[in-house]
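S.K.: Below are the sequence and a predicted model for it; my questions follow.
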Amino acid sequence: MSKMHDYVYSSKRKIFCSFSNTDGIPGFKSASNFQVLSNNNLLTNAQSTGNKPANLIFNPIYATIDLKYFNVNNVLKNNKIRVSSTMFANTPVIVTIPDGYYSILTLAAALQTRLLADVLFVGSTSVGWLVDVQNGVNIRIRFSGTYATPAATLIEFSDFNSTDSRSILGFSTKTVTLAYADRATGVTGDLSADMLPYDCLRICSKNLAKRFYVMRNGYLANSDVLFEIPLTSYALGAVVQFETTDNQLEQEINPDFSLFDIMVKDKNDNIIVFDSTAEFRINFSLTREVFYQSPEEKLKQIQNYASYIS
């Protein structure tokens, strides 16, 4: 307790809280977008009894999140490739890999499934697509069997629209070709398949964040970022941990605060899509500073009231 001046006192109380996305209200329970409604009046009724409002300070302490985000999806624009050749029944063909959480092996299997289903040859016998992994880091695309009368010698794979599928498949160029004569050897990515498209997670909140600014369109603008977690040392599927040892990330929030709003975003301000089994948990403290009248101030008001009614 401290005395601000002759007539006003302040008192602080620190509360420690913990919740996860599984505590979220219906419709907002995913690991990257959830809301938790508090029913504790210590948080929702933090109003001062005096003339000055109470201050409520949010400070993150510890957080964990299952790194099970969809590394192939439409948000990242890396789930489509264009395949074209005059040997196909329909050309060009847009092949869409289902949004999901992939390792390089499951990605190769998913691509092979879609090629077999979507890209069909004309006048062919025993033609099948084969997609596998070389040296554990490279995707190789090929096909087997014979083709009766090849109308062309090349099959082209390229990005569709603005996608970046070449990164997830490990190709450095926008267009790669597979010669019919090399169908058994195939075409192999010259780079390691990039299965980790994010280098950090931004933990955001519309109603908590007030102190983080980012450059947007050449201007320094207020954002909803609470803090960032670098991902350089984490593999997909790991549990990311964040811990702070000071109060640099504390945020002043509304004194009648009741709704905790948390989102996990990338650097482009897009909410990252997580697998439904992923869990986000955060521990934090809330510090209330309440200002109230001192006994001297109360006595002064009583004396003034008595003087008024006498």
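M.R.: Good, I have the coordinates.
S.K.: Run a quick neighbour tally on residue 16.
M.R.: 10 (other CB atoms under 10 Å). (Glycine included, C-beta is placed from N, CA and C.)
S.K.: ok, the closest residue to it other than its chain neighbours - contacts?
M.R.: With sequence-adjacent residues excluded and distances taken as CB to CB, 6 or more residues apart in numbering, residue 16 is closest to residue 285, at 5.2 Å. Each residue near residue 285 by CB atoms under 8 Å, 6 or more residues apart in numbering is listed here: 14, 15, 16, 17, 58, 59, 61.
S.K.: Going through those residues, which ones are buried?
M.R.: Neighbour-count burial (16 or more other CB atoms under 10 Å) is assigned, among the contacts of residue 285, to 17, 58, 59, 61.
S.K.: Reformat those as a markdown table; add pLDDT, distance to residue 227 and secondary structure.
M.R.: Putting these into a markdown table (pLDDT from 0 to 100; distance: CB to CB, whole Å; DSSP: H, G, I helix; E, B strand; the rest coil) gives the following:
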| residue | pLDDT | distance to residue 227 | secondary structure |
| --- | --- | --- | --- |
| 17 | 88 | 16 | strand |
| 58 | 85 | 11 | strand |
| 59 | 89 | 11 | strand |
| 61 | 92 | 11 | strand |
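S.K.: can you tell me which of those residues lies nearest to residue 214?
M.R.: residue 58 (19.6 Å; CB to CB).
S.K.: which residues does the closest one form a beta bridge with?
M.R.: As for beta bridges, residue 58 partners with residue 251, residue 286 under DSSP bridges.
S.K.: now the one residue sitting closest to the centre of the chain: how far from residue 128?
M.R.: Closest to where the C-alpha atoms of the chain average out (CA atoms, centre = their mean) is residue 272, at 2.8 Å. The gap separating residue 272 from residue 128 is 35 Å, by CB to CB, to the nearest Å.
S.K.: next one: residue 102
M.R.: Applying CB to CB to residue 102 and residue 128 gives a distance of 22 Å.
S.K.: So between the two, which is more surrounded?
M.R.: residue 102 (22 against 13).
S.K.: how many neighbours does residue 22 have?
M.R.: Neighbour tally, residue 22, other CB under 10 Å: 12.
S.K.: for it, helix, strand, or coil?
M.R.: Following DSSP: H, G, I helix; E, B strand; the rest coil, we place residue 22 in the helix state.
S.K.: Helices along the stretch 51-200 of the chain, start to end?
M.R.: Ranges of helices within the stretch 51-200 of the chain are 104-118, 165-169, based on DSSP state H, counting those that start in this stretch.
S.K.: For residue 143, which of the ones you listed is the nearest?
M.R.: helix 104-118 (8.1 Å).
S.K.: packing partners for the closest one?
M.R.: Using 3 or more CB pairs under 8 Å, 6 or more residues apart in numbering; DSSP states H and E, the elements in contact with helix 104-118 are strand 93-96, strand 124-134, strand 138-147, helix 165-169.
S.K.: tell me the most buried of those?
M.R.: helix 165-169 (a mean of 23; mean count of other CB atoms under 10 Å).
S.K.: Not counting its neighbours along the chain, what's nearest residue 129?
M.R.: In space, residue 129 is closest to residue 115, 3.9 Å off (CB to CB, 6+ apart).
S.K.: Tell me how many other residues crowd the one you found.
M.R.: Neighbour number of residue 115 under other CB under 10 Å is 21.
S.K.: hang on, the earlier thing: residue 74 is nearest to which of the helices and strands packed on helix 104-118?
M.R.: That would be strand 93-96 among the helices and strands packed on helix 104-118, by CB to CB, at 8.6 Å.
S.K.: average model confidence for that closest one?
M.R.: Average pLDDT, strand 93-96: 93.
S.K.: Save the helices and strands packed on helix 104-118 as a markdown table, and put in distance to residue 77 too.
M.R.: Formatted as a markdown table, the helices and strands packed on helix 104-118 follow (distance: least, CB to CB, whole Å):
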| stretch | distance to residue 77 |
| --- | --- |
| strand 93-96 | 12 |
| strand 124-134 | 21 |
| strand 138-147 | 18 |
| helix 165-169 | 8 |
